[in-house]
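K.L.:
Below are the sequence and a predicted model; questions follow.
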Amino acid sequence: MTSARYTAPARILHWLIAALLIVQIALGLGADGAPRARAEVLGNIHAQLGVVLLALILVRIGWRIAAPPPPLPASLGAWQRRGAAAVHLALYGLLLAMPISGLVVWMWIGGPLVLIGLAALPLPRLAGKDEFWLSVAGYAHEWGAWALIGLAAGHIAAALWHQLVRRDRLISERML
C-alpha cells in the first residue's frame, strides 16, 4: 500500500515556494506603484528572488518526477481528479514561465543581476535589439502573474473547501 502523504521534501518545497511566491507577488505589485528609486530596489529584490524561486521550482519538478505524488482518494470524482491535475499542471507551467519571462525582461532593462550580493548571473544584454520580444516577455510576465494569482487562489480555495467544508482531511493528511 502506498502512502497518501506527500514526501517531506515535497511538502517542504511546496510550502517554501508558496511563502516565497506571496513575497514575490507583494514585491512585484509594490514595485509597480512605487516612486522610481523604491521601484528599482523592489524590482532588484524581485528579480533576485525570482532566480531563487526558479531554482526551487526546478528542484520541486525534479523531485515530483523522482517521487510521484500519492494517488488521490477514490472518493474524489473523475472531474475533481482532472481539475486537480489541470490546475497543478498550469501552476507548474506558470511557476516556470514567470521567472523565465522576468529574466528576459531583465536582460533588456536591468543591469547585472547580482544574487544576494554573492554572485552575478552572466546574462546577455539585449537592450537595443528588436523590442518585440521584450514586449512579449513583459506581457507574459504581467498577465502570467495575474493568472498565477488566480490559479493559486483557486488552489487555496479548493484546499480550504476540502479541509473546512468536506472535512475529508485530504489536505491535513497529505500536505501538513
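P.N.:
Received the coordinates, thanks. Since we're looking at a predicted model, the values are computed, not measured.
K.L.:
For the protein, just list every one of the strands.
P.N.:
For the chain, the strands defined by DSSP state E occupy 113-115, 119-121.
K.L.:
residues contacting the closest residue to Gly154 other than its chain neighbours?
P.N.:
Here the nearest residue to Gly154 in space, its sequence neighbours aside, is Val87; by C-beta to C-beta, 6 or more residues apart in numbering that works out to 6.4 Å. In this view, the C-beta of every residue, glycine as well, is placed from N, C-alpha and C. Val87 makes contact with 151, 154-155, 158, according to C-beta atoms under 8 Å, 6 or more residues apart in numbering.
K.L.:
ChimeraX command for the buried members of the residues you listed?
P.N.:
Typed into ChimeraX, the line below selects the buried ones among these, using 16 or more other C-beta atoms under 10 Å:
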select :151,155,158
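K.L.:
farthest-separated two in the contacts of Val87?
P.N.:
Pairwise distances across these peak at 10.5 Å for Leu151 and Ala158 (criterion: C-beta to C-beta).
K.L.:
picking up where we left off before, need the worst-confidence member of the contacts of Val87.
P.N.:
Of all the contacts of Val87, Ala158 carries the smallest pLDDT score, 91.
K.L.:
residues in contact with that residue?
P.N.:
Going by C-beta under 8 Å, 6+ apart, Ala158 touches 84, 87.
K.L.:
Likewise for Gly50?
P.N.:
Residues in contact with Gly50 (C-beta under 8 Å, 6+ apart) are 24, 98-99, 102-103.
K.L.:
Now pLDDT, distance to Ala39 and neighbour count too, for these, in CSV please.
P.N.:
Shown next, in CSV, are the contacts of Gly50 (pLDDT from 0 to 100; distance: C-beta to C-beta, whole Å; neighbours: other C-beta atoms under 10 Å):
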residue, pLDDT, distance to Ala39, neighbour count
Gln24, 96, 15, 22
Met98, 96, 18, 23
Pro99, 95, 19, 23
Gly102, 93, 15, 27
Leu103, 91, 18, 19
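K.L.:
So which of the residues you listed sit within helices?
P.N.:
Among those, the ones falling in helices (DSSP state H) are 24, 98-99, 102-103.
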